[in-house]
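Participant: sequence and predicted structure are below.
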2 protein chains.
Amino acid sequence: MGRMPSFDAPVVVTAARDLFWDRGFEAASLADLERVTGLGRSSLYHAFGSKRGLFDAAVADYLETVIRPRLRPLLAESAGRAALLEYYGGLSLAVASLPADSPRRGCLLVNCAAGLAGHDDLARKVVDDYRSELTAALRHALAGAAAETTPGTDAATAVLEERARTLASLSMSVMLLARVNRDESLALLATAAAQVRSWHP
Amino acid sequence: MGRMPSFDAPVVVTAARDLFWDRGFEAASLADLERVTGLGRSSLYHAFGSKRGLFDAAVADYLETVIRPRLRPLLAESAGRAALLEYYGGLSLAVASLPADSPRRGCLLVNCAAGLAGHDDLARKVVDDYRSELTAALRHALAGAAAETTPGTDAATAVLEERARTLASLSMSVMLLARVNRDESLALLATAAAQVRSWHP
DNA sequence: TATATGCTGGATCGAACGGTACACAAAAAC
DNA sequence: GTTTTTGTGTACCGTTCGATCCAGCATATA
């Protein structure tokens, strides 16, 4: 009973997500959101309640369609050295192939860490959960790699933790630099891959 | 000829700098700037021309009074292992001692990288110059450390470059995380110091 | 077809935004 | 003391912000 929405919700969220990705939460205006989604204010507010509601939906979409597909191979049972190197390869391809004016440069959540998360506890938690998830995925693949290259010896968990933390931080810096200096971002990705190779030759 | 300013310019710039540091360029309103500086709009515009002019002055002050004093020891003739470890020690102290609601958490320029620098070429250049300066300082101290621990052998420049890039990236991540998860930020600083120790035992 | 329900377009809201105009006050120059 | 130059306070500019309201329309249910 009642009229059906004339838009496709996932498409709208994706369009909004790319705008937030590019501009950040505050700098993305409702006029911009109307433009990129093709929806009027009424529909936007009816469907998402507020600008923040739309942003939250965009973040959820970002995690599910951008972040997790990238991390999934690192979490596979068999993940190890090769999965790590493919992770960096895929990231390099993405950074290198994006046009300079693409809205999808860097990472929505890394940008969020420097912006919203400074004063919004909810946003801070989302960003920290992302960091945690990224670190866990890298840790898992590092453990697998250690089992491959030095079979039989359990890697010291302290070493594993430090390496995972290091790689996660390098990934975040890569995303930060992607908006500032693409060549440096790519060089950093190469450095991260080289680090993995030196740990697991 | 003419009236003297009734304010101390460096004090005003410092106050504005701390606000920009905390909120970022766009989220710091003129009303906020009036409040923290104690000056009226007229005086602000008369002295700095625009909000952006004040921001640029704040960035210059930030580089000169916050960044460069920290990097200077790394650039000393004698800089090496000890200088690097002291650099991380100082950073740890700063991150650990700042109250959770301090405006001076993280790094103004790292925040800028995720915000303004995305669409402002001038800001992008300032941020990239900062990255370059940070990397150069770390590279210099790493070269010194290599000369200390393995005297006589010139360190391979490629290795030096990768290590400098890694440490610079870790520093930027530390600043990013300082606004999100202080404990993780400190853990990352400890990891960076441990990395230096493992390279130069 | 009648009705109930929910989507949509457009107008509009009050608040906040960055920026400006101008009269006045104060101090240096003469 | 007069003049000249410059800083300051106040009021206000037009624009944009996120958000809301409401009339009208489309459609699933009965």
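Facilitator: Yep, it's here. Numbering: from 1, shown residues only, chains lettered A, B, ... in the order given.

Participant: residue numbers of chain A in contact with chain B?
Facilitator: Contacts of chain A with chain B, taken as C-beta under 8 Å from any C-beta of the partner chain, map to A:22-24, A:26-27, A:105-106, A:110-111, A:113-115, A:117-119, A:124, A:127-128, A:131, A:162, A:165-166, A:169-170, A:172-174, A:176-177, A:179-181, A:184, A:187-188, A:191, A:194-195. Glycine gets a C-beta too; all of them are placed from N, C-alpha and C.

Participant: test my guess that A:G106 contacts B:L176.
Facilitator: No - applying C-beta atoms under 8 Å, one finds A:G106 not in contact with B:L176, separated by 11.9 Å.

Participant: spatially central residue in chain A, please.
Facilitator: A:I67 (4.3 Å; C-alpha atoms, centre = their mean).

Participant: give the contact list for A:F20.
Facilitator: A:28, A:55, A:58-59, A:108 (C-beta atoms under 8 Å, 6 or more residues apart in numbering or on different chains).

Participant: again, only using 10 Å
Facilitator: Residues in contact with A:F20, defined by C-beta atoms under 10 Å, 6 or more residues apart in numbering or on different chains, are A:26-28, A:32-33, A:36, A:51, A:54-55, A:58-59, A:62, A:103, A:108, A:111-112.

Participant: specify which member of these is nearest to chain B.
Facilitator: Set against chain B, the nearest of those by C-beta to the nearest C-beta is A:N111 (4.2 Å).

Participant: in three-state terms, label A:D101 for me.
Facilitator: coil (DSSP: H, G, I helix; E, B strand; the rest coil).

Participant: verify the stated contact: it with B:H119.
Facilitator: Yes - counting by C-beta atoms under 10 Å, B:H119 is a contact partner of A:D101 at 9.5 Å.

Participant: which residues does the closest residue to A:T149 other than its chain neighbours contact?
Facilitator: Once flanking residues are discounted, A:T149 sits nearest to A:H200: 4.4 Å by C-beta to C-beta, 6 or more residues apart in numbering or on different chains. A:H200 sits next to A:80-82, A:84-85, A:142, A:144-150 when contact means C-beta under 10 Å, 6+ apart.

Participant: tell me where chain A has helices.
Facilitator: Secondary structure of chain A, counting by DSSP state H: helices at A:9-23, A:30-37, A:41-48, A:51-62, A:68-75, A:81-97, A:108-114, A:121-149, A:157-177, A:182-199.

Participant: most tightly packed of these?
Facilitator: helix A:108-114 (a mean of 27; mean count of other C-beta atoms under 10 Å in any protein chain shown).

Participant: other SSEs contacting it?
Facilitator: The contact analysis (3 or more C-beta pairs under 10 Å, 6 or more residues apart in numbering or on different chains; DSSP states H and E) places helix A:108-114 against helix A:9-23, helix A:51-62, helix A:121-149, helix A:157-177, helix B:108-114, helix B:157-178.

Participant: report the contact partners of the closest residue to A:D18 other than its chain neighbours.
Facilitator: Of all residues not flanking A:D18 in the chain, A:P103 sits nearest, at 4.7 Å (C-beta to C-beta, 6+ apart). Contacts for A:P103 were tallied using C-beta under 10 Å, 6+ apart; they are A:15, A:17-23, A:36, B:118.

Participant: right, and the pair among the contacts of A:F20 with maximum separation?
Facilitator: A:V36 and A:C112 (18.6 Å; C-beta to C-beta).

Participant: CSV for the contacts of A:P103, including distance to B:R41 and pLDDT?
Facilitator: Compiled in CSV, the contacts of A:P103 are given as follows (distance: C-beta to C-beta, whole Å; pLDDT from 0 to 100):
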residue, distance to B:R41, pLDDT
A:A15, 38, 97
A:R17, 37, 98
A:D18, 36, 98
A:L19, 32, 98
A:F20, 31, 98
A:W21, 34, 98
A:D22, 31, 97
A:R23, 27, 97
A:V36, 34, 96
B:G118, 28, 93
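
Participant: on that earlier part again, roughly how far apart are the residue nearest to A:D18 and DNA strand C?
Facilitator: 23 Å (C-beta to the nearest atom of the strand, to the nearest Å).

Participant: tally of neighbours for A:E77?
Facilitator: Applying other C-beta atoms under 10 Å in any protein chain shown, we find 6 residues neighbouring A:E77.

Participant: how much space between it and B:A137?
Facilitator: The spacing between A:E77 and B:A137, counted by C-beta to C-beta, to the nearest Å, is 43 Å.

Participant: what's the answer for A:L54, then?
Facilitator: 42 Å.

Participant: what does chain A put close to DNA strand D?
Facilitator: A:1-4, A:26, A:28-32, A:41-42, A:45, A:50-52 (C-beta under 7 Å from any atom of the strand).

Participant: again, only using 10 Å
Facilitator: Contact residues, chain A versus DNA strand D (C-beta under 10 Å from any atom of the strand): A:1-6, A:23, A:25-34, A:40-46, A:48-55.

Participant: list the contacts of A:D120.
Facilitator: For A:D120, counting by C-beta under 10 Å, 6+ apart, the contacting residues are A:25, A:52, A:112, A:126-127.

Participant: any weak-confidence spans in chain A?
Facilitator: Applying pLDDT under 70 to chain A flags the ranges A:1-3, A:5, A:152-155.

Participant: check contacts around the closest residue to A:S173 other than its chain neighbours.
Facilitator: Nearest residue to A:S173 in three dimensions, chain neighbours excluded: B:S169, at 3.7 Å (C-beta to C-beta, 6+ apart). If you count contacts by C-beta under 10 Å, 6+ apart, B:S169 has them with A:166, A:169-174, A:176-177, A:184-185, A:188, A:191-192, B:131, B:134-135, B:192.
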